[in-house]
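>>> Here's my sequence, what's the structure:
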Amino acid sequence: MRDWTRTRALACVAFASSLSGCNLALGIVPLSDEGTGGASSSSSSSGAGGSPCTSDCPPDVAWSVGFGSVGADTATRVALAPDGGVLVVGSLGGDIDFGTGVASGGMFVLRLDAAGATVWSRGVPNCAPVGVAIDPSGRAIVAGNCTDAIKLGNVDEPTSGAFVAALDDTGKVVFGRVITTTTGVVEATDLAVDAAGAIAFVGGFHGSVDFHGTTGVTVSSGTGSDVFVMKIDATGADVWKAQAFGAGMATINAATAVTFAGPTQELVVAGRKQGPLDVGGEPLTGPTGSFLMRLDGSGGVVRAQTFPSAVATRIAPDAAGGVAITGVAIDSVILGTAELALNEQFLSRFDASDTSLFVLGMGVTKDTVARFDANGDLVVAGGFSGDLDLGGAHLTSEGGSDALLMKVSGADGAPIWSVRHGGPLDDGAVDLALDATRAVYVGSFSGTVTVGDRTLVAVGDRDIWITSLAL
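From the prediction side, this is the model:
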């Protein structure tokens, strides 16, 4: 079933301290032993007789913090700043004081320093988070969907819709752009920033939508929903007219993820496709599933393809212009050599020509996200429940669900290490960001969870969870 090609003979058991040997491990034990203290891990590099792990062992926990209200709160996206800062967005179920003032229900934006201390925070009422990124000047680029009037800095829009905004290093809004509709629905799903500071903003829409901006374009979908792709420069002005892709039919099509890739910074967009999708030239047809599309600097389609019975949800670029996508099977399907069950998460890597290199079935049903590290391997974050067999390595959740982190080879997807973090209730990671020295994942936890030397206690039903690992 699983396209894992390496087996594991031994596992490192992660405790809440860091000793010599296998990073977090107190010792080397058989795979069936799970460890305590809310974390366990496995690695292909552990030697028999207690020999030290190499760099292929799971990383140490640097710090872990939690924030919560009396309701259900979660962090949903994270980005890392060159100065060591951590930018997080998420949803609030009540009022939270992050240490710099109270943010109320809706969306939050939080900046932490390199040690996990709060620098600034702000709330965005009536809105839900879409994404966060850091531009080349260090500004936070954030996006959200709003169910009521959008009020954020220079943005004072009386109707609902989506927004993207740039915030300075104090959290002040530099500029904002909105997409609105009075006769339909618009939902943004992701954003990305290129090396020059240009911002791509994608999603889906139904009805007549106003993209505002310098082109002032209004676009209407067919009887279903269509894909939109918008690109603005570092000042918020249009780079090119907002693009819409659809087929004028009662089908549901939408972009779900976007990134810039390669030396030419091509825009790579992934999404879900229910019916034919007109991307210029020959329409993309075939069964319900996903599409993968590249756009050039002018917004023209370079190439596009589809794959059936699976929906891409996240995307990450490699250094050479290729991408990795994660997503979910919406039916039992074989993609490449991977046999996926209904609702199973998958990881697929494509080269710069969008040729598939490998597909892995992850064996979990909770959302996953993958990022490339400095060596071109992939670190994956997500969640799992019960028992998980990772090519010979075995993890068991402590409670209802735990956070899962694992590293696989960028060449063929072979597993390198895996680790779980969690407590007796439901916990999980939903996003991950990497740089040369650290990996930071975000999500939520319930009850109590011990990570590294910190024990976090939830205030409400679910609390925000942010953990930094030293690479």
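>>> C-alpha only now, for contacts and for neighbours.
Fine.
>>> Give me the packing partners of the helix or strand hosting residue 209, helices and strands only.
Taking DSSP states H and E as the definition, residue 209 sits inside strand 208-210. Judged by 3 or more C-alpha pairs under 8 Å, 6 or more residues apart in numbering; DSSP states H and E, strand 208-210 is in contact with strand 173-180, strand 218-220.
>>> Dump those into JSON lines; add mean pLDDT, mean neighbour count and distance to residue 146 as well.
Formatted as JSON lines, the helices and strands packed on strand 208-210 follow (pLDDT from 0 to 100; neighbours: other C-alpha atoms under 10 Å; distance: least, C-alpha to C-alpha, whole Å):
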{"stretch": "strand 173-180", "mean pLDDT": "92", "mean neighbour count": "21", "distance to residue 146": "10"}
{"stretch": "strand 218-220", "mean pLDDT": "66", "mean neighbour count": "16", "distance to residue 146": "19"}
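>>> circling back: check the offset of the strand holding residue 209 from the chain's centre.
Relative to the centre of its chain, strand 208-210 is centred 27 Å away, using C-alpha atoms, centre = their mean, to the nearest Å.
>>> swap in stretch 365-382?
9 Å.
>>> Over to stretch 181-199?
Chain-centre distance of stretch 181-199: 16 Å, with C-alpha atoms, centre = their mean.
>>> From start to finish, how long is it in a straight line?
Taking C-alpha to C-alpha, to the nearest Å, the first and last residues of stretch 181-199 lie 21 Å apart.
>>> which parts of that stretch are buried?
Going by neighbour count (16 or more other C-alpha atoms under 10 Å), the buried part of stretch 181-199 is 181, 185-194, 197-199.
>>> Need those residues in TSV (columns: distance to residue 139 and secondary structure).
Shown next, in TSV, are the buried residues of stretch 181-199 (distance: C-alpha to C-alpha, whole Å; DSSP: H, G, I helix; E, B strand; the rest coil):
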residue	distance to residue 139	secondary structure
181	28	coil
185	29	strand
186	26	strand
187	24	strand
188	20	strand
189	20	strand
190	17	strand
191	14	strand
192	13	strand
193	11	strand
194	13	coil
197	9	coil
198	12	coil
199	12	strand
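>>> From those, pick the one nearest residue 311.
Set against residue 311, the nearest of those by C-alpha to C-alpha is residue 189 (13.5 Å).
>>> and the residue lying closest to that closest one once chain neighbours are set aside, how far is that from residue 178?
Closest residue to residue 189 apart from its sequence neighbours, by C-alpha to C-alpha, 6 or more residues apart in numbering: residue 203 at 4.8 Å. Look at residue 203 and residue 178: by C-alpha to C-alpha, they are 13 Å apart.
>>> Run a quick neighbour tally on the closest residue to residue 274 other than its chain neighbours.
The shortest distance from residue 274 to any non-neighbouring residue, by C-alpha to C-alpha, 6+ apart, is to residue 288 (4.3 Å). Residues contacting residue 288 under the criterion other C-alpha atoms under 10 Å number 22.
>>> how about the buried residues of stretch 181-199 in JSON lines, adding distance to residue 363 and pLDDT?
Below are these laid out as JSON lines (distance: C-alpha to C-alpha, whole Å; pLDDT from 0 to 100):
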{"residue": "181", "distance to residue 363": "40", "pLDDT": "83"}
{"residue": "185", "distance to residue 363": "34", "pLDDT": "88"}
{"residue": "186", "distance to residue 363": "33", "pLDDT": "91"}
{"residue": "187", "distance to residue 363": "29", "pLDDT": "94"}
{"residue": "188", "distance to residue 363": "29", "pLDDT": "96"}
{"residue": "189", "distance to residue 363": "25", "pLDDT": "97"}
{"residue": "190", "distance to residue 363": "25", "pLDDT": "98"}
{"residue": "191", "distance to residue 363": "28", "pLDDT": "98"}
{"residue": "192", "distance to residue 363": "28", "pLDDT": "98"}
{"residue": "193", "distance to residue 363": "32", "pLDDT": "98"}
{"residue": "194", "distance to residue 363": "33", "pLDDT": "97"}
{"residue": "197", "distance to residue 363": "37", "pLDDT": "97"}
{"residue": "198", "distance to residue 363": "37", "pLDDT": "97"}
{"residue": "199", "distance to residue 363": "34", "pLDDT": "97"}
